[in-house]
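Novice: sharing a model that was predicted from the sequence below.
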Amino acid sequence: MFNHKVSIEFGIIGIGRFGFALAKTLIEAGKEVIVIDNDEDKIKQIRNLTDNAFVVNNLGKEALEETGIQNCETVFVCIGEKIDVSILTTLNVINMGVKRVISKANTYEQGCVLKKIGAEIVYPENDMAIRIANRLLNEEAFEFIELNNDIHIEELRVTKVIDGKSILKSKVRNEFGLNIIALERDEETIIELDPNFILKENDFIVVIGKKNSIRKFEEYLNHK
């Protein structure tokens with residue numbers, strides 16, 4: 001397990017689509033990250049990027065402490081589907097003294113409970129957050145969470161520049177180092193996105209990556 005005396009910037013518990021994209025982007029940005037999941041296959045996949053990835057079947061306090069995740073400055077609990085596990089794990093991490101805990105929620109009710117016990121909430125798969133943001137802000141980019149001064153999650157509008165192109169050919173990953181974690185089209189939010197998914201003008205994509213890379217990609221999208 002990890003050296004418990006070392007201070008780590010980020011911890012991620014649960015590496016589904018959102019958690020994996022989050023972990024990959026942070027690691028590739030040079031950040032120290034501890035990753036935890038109960039699925040050995042997922043942990044094997046993320047170990048291609050970091051050795052600090054652990055299979056933990058029981059997310060109780062003692063098992064979590066063995067990984068050293070209590071030394072992280074920020075911990076993401078990305079277990080939106082299993083509400084009871086999400087809440088108990090969030091509570092355990094908060095009680096371990098982690099400074100900042102951000103929990104993924106799939107419903108408003110789940111978010112309310114998580115917020116009440118002291119976590120910040122993110123709704124990556126909830127199209128309501130995106131629609132409200134579009135109504136409130138007359139901008140093409142909406143930053144709904146800042147992980148630190150370097151890593152952001154933002155919503156960008158697809159322009160003619162990449163209209164009709166697949167995600168793979170849009171350059172978002174290969175050239176700009178960003179990951180798309182969600183897309184909104186016609187008031188529907190899509191999270192099952194493979195590299196061959198075709199983008200359309202006026203789609204809204206939610207990307208995660210370095211702030212400067214997002215700005216460069218935004219300039220590319222708006223190039224005339």
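Specialist: Good, I have the coordinates.
Novice: quick one: low-confidence ranges for the chain?
Specialist: By pLDDT under 70, the low-scoring segments of the chain are 1-6, 80, 124-149, 224.
Novice: could you chop it up by domain?
Specialist: 8-122, 127-221 (automatic domain parsing).
Novice: mean neighbour count for these - can I get that in CSV?
Specialist: All C-beta atoms are positioned from the backbone trio N, CA, C, and that covers glycine. Converted to CSV, these look like this (neighbours: other C-beta atoms under 10 Å):
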stretch, mean neighbour count
domain 8-122, 19
domain 127-221, 17
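Novice: wait, V122 sits on S103?
Specialist: Yes - if you go by C-beta atoms under 8 Å, V122 and S103 touch, sitting 7.5 Å apart.
Novice: who's in contact with the most centrally placed residue in the chain?
Specialist: Among the residues of the chain, the one closest to the centroid is L22, at 3.9 Å (C-alpha atoms, centre = their mean). Neighbouring residues of L22 by C-beta atoms under 8 Å, 6 or more residues apart in numbering: I12, F76, C78, I181, I208.
Novice: okay, strands next: where are they in the protein?
Specialist: 8-13, 33-37, 53-55, 72-77, 100-104, 120-122, 141-146, 151-157, 179-185, 188-190, 204-210 (DSSP state E).
Novice: K44: which of the ones you listed is closest?
Specialist: Judged by C-beta to C-beta, the one of those that comes nearest to K44 is strand 53-55, at 8.3 Å.
Novice: partner strands of the closest one, parallel or antiparallel?
Specialist: strand 33-37 (parallel) (DSSP bridges).
Novice: what's the angle between the strand it pairs with and strand 8-13?
Specialist: Angle of strand 33-37 versus strand 8-13, following axes from the mean of the first three to the mean of the last three C-alpha atoms, to 10 degrees, is 10 degrees.
Novice: how about V77: what's its closest non-neighbour residue?
Specialist: S103 (4.3 Å; C-beta to C-beta, 6 or more residues apart in numbering).
Novice: thank you kindly, that will do.
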